[in-house]
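*Asks:* Provide a 3D model corresponding to the input given below.
(chains A and B)
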Protein chains: 2
Amino acid sequence: MAPSTNETPAPLEDGTARRGRGRRPAEEVRADVLSTVGEILLNEGLADLTFERVARQSGVSKTTLYKWWPSAGALALESYFHSVEVTLTFPNTGNIRADITGQLRSFVRLMTTTQAGRLLTELIGQSQADIDLATDYRRLYSSHRRQLAADRFAAAQSVGQVRAEIDVQVLVDQLWGAVYHRLLVPDEPVTDAFAIALVDNLFDGITPR
Amino acid sequence: MAPSTNETPAPLEDGTARRGRGRRPAEEVRADVLSTVGEILLNEGLADLTFERVARQSGVSKTTLYKWWPSAGALALESYFHSVEVTLTFPNTGNIRADITGQLRSFVRLMTTTQAGRLLTELIGQSQADIDLATDYRRLYSSHRRQLAADRFAAAQSVGQVRAEIDVQVLVDQLWGAVYHRLLVPDEPVTDAFAIALVDNLFDGITPR
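*Replies:* Take a look at the predicted model:
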């Protein structure tokens, strides 16, 4: 269902919003807000994200924003998820190693050349002391990203490119989780070579061949 | 050098502290403080750690504490490092896989059965917004732990148990870093089976054999 952004007029019975008088379907307005916020986040990070500013830049009332998102954190997480969805798509060319390498390199590039890395480490950092943010982070972001990665690995298992007994959720921690670890505790740099080494270690193993 | 805990009398010229009148060498007092704080941290976590309390429980003046540690964070990090040093020792039985598996299982047990996991995620969380704490965390804790792990893997490389071209720092992120990732973003549980799977994936590789 796509309710309109005002209480009146009511949606038509077929579930589409009433047009006319310049009113747009709520789903369209919602998508616009997510896109506006996504751009703010990737270019500037979390610091200046307030409902006031989003209302001003998107032309959507604060009342409507609060109806859709209970907190700035929830709005940021959903916006960020959508804004990186295409960049972080998991290709399926039939070659799991090439597909994962390509995606992980894109992820590292995104983390290091936009505000994304700083945004996520800030959110993860704050969520250690804020249980609501922690729940939102998992519900609106990390659990979805985990599932997308796990699905690609499960497809590779079904065609025999990854052994069936491997717990694909563990691979998520050993690839993307390893990158998050370096972002959060930067003893060592996050580089393209790091992304490639992460994949190589798992696909080749680390013992003598 | 082991300066005494008071300004007078001055240390002797050979660098040892002057005895007598009940004064103990500073190194001994310092070790006592670290041990007192380590116990507080593992049993209760970071919340109630104040210089007031440490002064009271250890019988060392706050002036002396501040002389040795510029902040409660620095004191906590050094205390924690010492308090887990034995538990997290890297054995060298000559079998790298067994040694790493044993150490990683001890690490997981420590993280999940004491306040250690909560302590470290709190410190990492706060360090995202506190550059001094972030620097202290790396300087007083994570860089040392990284080096100990890297040393054990380097020894394994020198006897041909791990391939020479592997970057051992990457392994740190794929083992302990993967555990930190689950502690910080708990989409999936930190278990003994997880520790074993982390090691298995790297030593066996994940592709068909």
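*Asks:* Does A:His144 touch A:Tyr80 like I think?
*Replies:* No. Applying Cβ atoms under 8 Å as the test, A:His144 and A:Tyr80 come out as separate, 11.1 Å apart. All C-beta spots, glycine's among them, are computed from the backbone N, C-alpha and C.
*Asks:* how near is A:Val60 to B:Ala76?
*Replies:* A:Val60 sits 45 Å away from B:Ala76, taking Cβ to Cβ, to the nearest Å as the criterion.
*Asks:* care to break chain A down by domain?
*Replies:* Using automatic domain parsing, the domains assigned to chain A come out as A:1-83, A:89-204.
*Asks:* can you redo those domains as JSON lines with mean neighbour count and distance to chain B?
*Replies:* Shown next, in JSON lines, are those (neighbours: other Cβ atoms under 10 Å in any protein chain shown; distance: least, Cβ to the nearest Cβ, whole Å):
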{"stretch": "domain A:1-83", "mean neighbour count": "15", "distance to chain B": "11"}
{"stretch": "domain A:89-204", "mean neighbour count": "19", "distance to chain B": "3"}
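*Asks:* Let me see the contact set for the residue nearest the centre of chain A.
*Replies:* Among the residues of chain A, A:Phe81 comes closest to the average C-alpha position under Cα atoms, centre = their mean, at 2.8 Å. With contact taken as Cβ atoms under 8 Å, 6 or more residues apart in numbering or on different chains, A:Phe81 is in contact with A:140-141, A:144-145.
*Asks:* Now it: which helix or strand?
*Replies:* Using DSSP states H and E, A:Phe81 sits in helix A:72-83.
*Asks:* Now do that helix, average pLDDT.
*Replies:* The average pLDDT within helix A:72-83 is 94.
*Asks:* repeat for stretch A:120-136
*Replies:* Averaged over stretch A:120-136, pLDDT sits at 96.
*Asks:* How about stretch A:148-155?
*Replies:* The average pLDDT within stretch A:148-155 is 98.
*Asks:* chain center to that stretch: distance?
*Replies:* Stretch A:148-155 sits 16 Å away from the centroid of its parent chain (Cα atoms, centre = their mean, to the nearest Å).
*Asks:* before we move on, what about stretch A:55-67?
*Replies:* Put simply, stretch A:55-67 sits 22 Å off its chain's centre (Cα atoms, centre = their mean).
*Asks:* Verify the stated contact: A:Asp136 with A:Ala74.
*Replies:* Yes. With contacts counted by Cβ under 8 Å, A:Asp136 reaches A:Ala74, the gap being 5.1 Å.
*Asks:* on that earlier part again, show me the contacts of A:Phe81 that map onto helices.
*Replies:* Among these, the ones falling in helices (DSSP state H) are A:144-145.
*Asks:* Give me the below-cutoff pLDDT ranges for chain A.
*Replies:* A:1-21 (pLDDT under 70).
*Asks:* Output stretch A:32-48 in PDB with nothing but the alpha carbons.
*Replies:* Provided in PDB are the C-alpha atoms of stretch A:32-48 (Å, rounded to 0.1, in the frame of the first residue of the first chain):
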ATOM      1  CA  ASP A  32      13.300  10.900  -2.400                       C
ATOM      2  CA  VAL A  33      14.000  11.400   1.300                       C
ATOM      3  CA  LEU A  34      16.200   8.300   1.500                       C
ATOM      4  CA  SER A  35      18.100   9.500  -1.600                       C
ATOM      5  CA  THR A  36      18.600  13.000  -0.200                       C
ATOM      6  CA  VAL A  37      19.800  11.600   3.200                       C
ATOM      7  CA  GLY A  38      22.000   9.000   1.400                       C
ATOM      8  CA  GLU A  39      23.800  11.800  -0.400                       C
ATOM      9  CA  ILE A  40      24.400  13.800   2.800                       C
ATOM     10  CA  LEU A  41      25.800  10.700   4.500                       C
ATOM     11  CA  LEU A  42      28.200   9.700   1.800                       C
ATOM     12  CA  ASN A  43      29.500  13.300   1.300                       C
ATOM     13  CA  GLU A  44      29.500  14.600   4.800                       C
ATOM     14  CA  GLY A  45      28.900  11.800   7.300                       C
ATOM     15  CA  LEU A  46      26.600  11.600  10.200                       C
ATOM     16  CA  ALA A  47      27.500  14.800  12.100                       C
ATOM     17  CA  ASP A  48      25.200  17.300  10.400                       C
END
